[in-house]
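Undergrad: task: produce atomic coordinates for the following.
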Amino acid sequence: MHRALLALASSLALAGAAQAQSAPGETSSPGPHPLAPPPSIPAAQDTAYPGVIRLSVDATDLDRRIFRVRETIPLAQAGPVTLLYPKWLPGNHAPNGPLNDLAGLVIRANGQAVAWRRDPVDVFAFHLEAPAGATSLDLEFQFVSPTARDQGRVVVTQEMLNLQWNQVVLYPAGHFTRRILVSPGVRLPAGWKFATALDGPSRSGDEVRFKPTDLETLVDSPMFAGRYFKQIDLDAGGRAPVRLNVVADSPDLLDATPAQLAPHQALVVQADKLFGARHFDHYDFLFALTDRMGGIGLEHHRSSENGTSPRYFADWSKDAPSRDLLPHEFVHSWNGKFRRPADLWTPDYATPMRDSLLWVYEGQTQYWGQVLAARSGLWSRQEALDALAMTAALYGQRPGRSWRSVEDTTNDPIVNGRRPLPWVSWQRSEDYYSEGQLVWLDADTLIRERSGGKRSLDDFARAFFGVGDGSWTPLTYGFDDVVGALNKVEPYDWTTFLRTRLVDVAPQPPLDGLARGGWRLTFSDQPSEFWKDNEARRRNADFSYSIGLSIGRDGAIDGVFWDGPAFKAGLTAGGKLLAVNGVAYDPDELKQAIGDAKTGSAPIQLLVQTGERFRTVPVDYHGGLRYPRLERIEGTPDRLSAILAPRK
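TA: Take a look at the predicted model:
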């Protein structure tokens, strides 16, 4: 710790000790007293940082997957300096900056090493004393990215990389990130191509530098680069270019037919018709087709990071469940990046985020993402109905609704950090996404019903997200702003509508919008094609709505429905299913056993291994196979089909 901090800490400790002394006539309590906290980190102020930070990243070490970083931070004066590593990351909604992967930090000034000390409370902060006469700090460190999936998301392979600037930068405390200028550059492997939303690239060999930009924009503009790369214009001649930038594990995976590209182009058209404005001067889908680099779906204002199956184009007819990823992240440019909850916007990456309105930020994005998938042709109407059936079934039978509200699940990115849960149906996990989607379907169909089809949630989207055409400056909002905008579309008691469904504990399933849309949830003993494709993509066999069990690779039990038949029989996630009725497990064998039990009285016998323990578990279930589908309610308006139809 530098001298000024040591002196302040000592004075605080002495003051605390003095306060702990008994006043005349008083008796102190026995035992220890709290130690004074360390000096506070300078709060972010809306003032410009003097000078421009120069950031250089060497991303050529593909074998070891190490990013080597050099950074020069100008100084206005000598004295105490606090540098911060980004902690609260936009789009993550949580303090999960990968600090554990920062290594080898060395700081110099005037060619001499400068000692630094990590803050003992906020470990993302580094304190140092800039020596007299120093005009800059020269930093060297490495981002040692994961080399295996159990270490975190893999971001470097022999074919591609994903550079997120927040992983390779330290910044001075005390300033809004939009007031800190950075001149970024990166050295790429020989011959690799790249895409990013950053402006003004200048390439010399394999080194690329960009125009100086503010730190907020830099962190919001990640890069995908790869050996096999293709850029596709999705809006030829449009007022703001929209590009699909694809990197893949092999060159053949880049091949896409005109029929496959047409719905991606239609996505841009349908988004324009929905929102009526663009809040970007160009937009870049960063799209990785890989099973080697980790998957991702992360929104940014002028781009998005997207990763999916390497055979996205090659197996087009079988990969429908992944085709709402791009629409979802595209919608976030309007909902989440431009319009942003006031308690979620922060001036820097050290200020805690509050996630209370994620049921708008993510829930309505989930709604519009799937609607635009249908309107653009990325999904057929039937695929959209089948996807909605799966969502309705999941939340129509969510036992955790009896004790926990949707709004409370907005804390899950912070509380759980997106780790796997043992009893997800009871604990709930970020249900603001898809249960939020059902609530917005409810709102849409209610507006359509009350207005006689003259108005819809489309009008809300245009009025709320489409304001300020061309503006990139985030426009924040609160709960009352959402209610006010809904009332301008259709007068109603929207406060009660939203609170009873999202803020209060709501045991009743949120399926009113489905019924008002002219459809009901039913179950069949045959899965839809969409369901089968989703199982293939996830490599599991899902029996959640029959015996209450989901089986992953090699028989691993990856989910047990709370209070369902498998739960009552004593099964838990983490075990392994070895045999069904004395026959080695495979999905078809279990399907046959569930079907046979429907006409018999004997329980289904499951041989399960849990750790070192083997046991045969009887599951007393006789309801047959059950897979969700939607069924038309005869004699009612088909509002749902109208919602999914493309806008002319």
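
Undergrad: what comes up buried for stretch 380-391?
TA: 383-391 (16 or more other CB atoms under 10 Å). Where C-beta positions appear, they are placed from N, C-alpha and C, glycine not excepted.

Undergrad: of these, which pair is most distant in space?
TA: 383 and 391 (12.9 Å; CB to CB).

Undergrad: low-confidence regions, the stretch 501-648 of the chain specifically.
TA: Applying pLDDT under 70 to the stretch 501-648 of the chain picks out no residues at all.

Undergrad: all helices of it, in order?
TA: 512-516, 529-538, 565-568, 587-597, 639-644 (DSSP state H, counting those that start in this stretch).

Undergrad: tell me what the last one is packed against?
TA: When contacts are defined as 3 or more CB pairs under 8 Å, 6 or more residues apart in numbering; DSSP states H and E, helix 639-644 sits against helix 363-376, helix 381-396, helix 434-450.

Undergrad: make it 10 Å
TA: helix 363-376, helix 381-396, helix 434-450, helix 512-516, strand 519-524, strand 627-632 (3 or more CB pairs under 10 Å, 6 or more residues apart in numbering; DSSP states H and E).

Undergrad: mean confidence for stretch 214-223?
TA: Here stretch 214-223 scores 98 as its mean pLDDT.

Undergrad: need the contact list for the closest residue to residue 369 other than its chain neighbours.
TA: Nearest residue to residue 369, sequence neighbours excluded (CB to CB, 6 or more residues apart in numbering): residue 328, at 3.2 Å. Applying CB atoms under 10 Å, 6 or more residues apart in numbering, we find residue 328 in contact with 297, 299, 304, 306, 362, 365-370, 372-373, 433.

Undergrad: make JSON lines out of these and add distance to residue 122.
TA: Listed next are the contacts of residue 328 as JSON lines, based on distance: CB to CB, whole Å:
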{"residue": "297", "distance to residue 122": "29"}
{"residue": "299", "distance to residue 122": "26"}
{"residue": "304", "distance to residue 122": "30"}
{"residue": "306", "distance to residue 122": "32"}
{"residue": "362", "distance to residue 122": "27"}
{"residue": "365", "distance to residue 122": "31"}
{"residue": "366", "distance to residue 122": "33"}
{"residue": "367", "distance to residue 122": "37"}
{"residue": "368", "distance to residue 122": "37"}
{"residue": "369", "distance to residue 122": "35"}
{"residue": "370", "distance to residue 122": "39"}
{"residue": "372", "distance to residue 122": "40"}
{"residue": "373", "distance to residue 122": "41"}
{"residue": "433", "distance to residue 122": "30"}
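
Undergrad: for these, which one is nearest residue 553?
TA: residue 297 (22.0 Å).

Undergrad: would you mind measuring from the closest one to residue 324?
TA: 10 Å (CB to CB, to the nearest Å).

Undergrad: what about the two, which has more around it?
TA: residue 324 (22 against 18; other CB atoms under 10 Å).

Undergrad: just the strands in the stretch 251-400 of the chain please.
TA: 283-289, 297-299, 303-308, 339-341 (DSSP state E, counting those that start in this stretch).

Undergrad: out of those, nearest to residue 72?
TA: Comparing those by CB to CB, strand 303-308 comes nearest, at 26.4 Å.

Undergrad: please work out the average pLDDT along the closest one.
TA: On average, the pLDDT along strand 303-308 is 98.

Undergrad: which strands or helices does it pack on?
TA: Using 3+ CB pairs under 10 Å, 6+ apart, strand 303-308 sits against strand 160-163, strand 223-226, strand 242-248, strand 283-289, strand 297-299, helix 325-331.

Undergrad: the fourth one to strand 303-308, inter-axis angle?
TA: Orientation check (axes from the mean of the first three to the mean of the last three CA atoms, to 10 degrees): strand 283-289 against strand 303-308 gives 20 degrees.
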